[in-house]
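In: okay, structure incoming, though there's no sequence with it:
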């Protein structure tokens, strides 16, 4: 019994990966992928209207899926929560076996007209990590956690691209330092909350932030947030 044929986009992506290190996520790579995969050009353009850009997005989503699969098989019980986050970020980078493919993607999504898409992809990765680790926040913390991790992930990714140390140990050390920085910020925030004077000064802003809800409270989960209107 033969294995089922991959869907056309998967065929295109697999074929494109041979060309991206040389031509980037470009029209040339897309044309070569169409030719090598045997996918009908009309079908290829229908499923990838933006050509290689759509394949770059698919490549990132594939990496997220593999990361989540490996994360499910990890024994995280003995780890501190900050170490679980670090391990998830490490896994996400490890599943990217070709640095040049990732580098080309970083270049693509740093272009002004593709930057929003790149930010969305990074946010999606961090959302997937927090969700997989059991985050249940429903207020403004839903946003701050993902925004903070997006900064950590992005900076670690850039460091990883230039890292030549054995086993990328320098990258993992860099990641630990970035997470330690975040933990220091959280410690300061906790001290502020415990201060009666500062708590009074920040009562108004804290009330405003308390009205912000996570998008998961919507059935479709496709809104950036919500405002809870005060009751009469």
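Out: Perfect, I can see it now. From a predicted model like this one, the values you see are computed outputs, not experimental measurements.
In: C-alpha from now on. contacts and neighbour counts both.
Out: OK.
In: can you give me the helices in the chain?
Out: 8-16, 20-23, 27-37, 41-47, 52-72, 81-94, 99-108, 115-132, 141-161, 169-194, 196-201, 203-210 (DSSP state H).
In: JSON lines for the ones you listed, including mean neighbour count and mean pLDDT?
Out: What follows is those, written out as JSON lines (neighbours: other C-alpha atoms under 10 Å; pLDDT from 0 to 100):
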{"stretch": "helix 8-16", "mean neighbour count": "21", "mean pLDDT": "97"}
{"stretch": "helix 20-23", "mean neighbour count": "18", "mean pLDDT": "97"}
{"stretch": "helix 27-37", "mean neighbour count": "20", "mean pLDDT": "98"}
{"stretch": "helix 41-47", "mean neighbour count": "14", "mean pLDDT": "97"}
{"stretch": "helix 52-72", "mean neighbour count": "18", "mean pLDDT": "97"}
{"stretch": "helix 81-94", "mean neighbour count": "19", "mean pLDDT": "95"}
{"stretch": "helix 99-108", "mean neighbour count": "18", "mean pLDDT": "97"}
{"stretch": "helix 115-132", "mean neighbour count": "18", "mean pLDDT": "95"}
{"stretch": "helix 141-161", "mean neighbour count": "18", "mean pLDDT": "93"}
{"stretch": "helix 169-194", "mean neighbour count": "14", "mean pLDDT": "78"}
{"stretch": "helix 196-201", "mean neighbour count": "11", "mean pLDDT": "54"}
{"stretch": "helix 203-210", "mean neighbour count": "12", "mean pLDDT": "49"}
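In: so what does residue 79 look like in phi/psi?
Out: The phi and psi torsions at residue 79 (degrees, to the nearest 10) take the values phi -90, psi 150.
In: how about residue 176: what's its closest non-neighbour residue?
Out: Of all residues not flanking residue 176 in the chain, residue 86 sits nearest, at 6.9 Å (C-alpha to C-alpha, 6 or more residues apart in numbering).
In: and for residue 57?
Out: residue 121 (7.6 Å).
In: quick one: contacts for the one you found?
Out: 57, 60, 61 (C-alpha atoms under 8 Å, 6 or more residues apart in numbering).
In: nice, that's everything, thank you.
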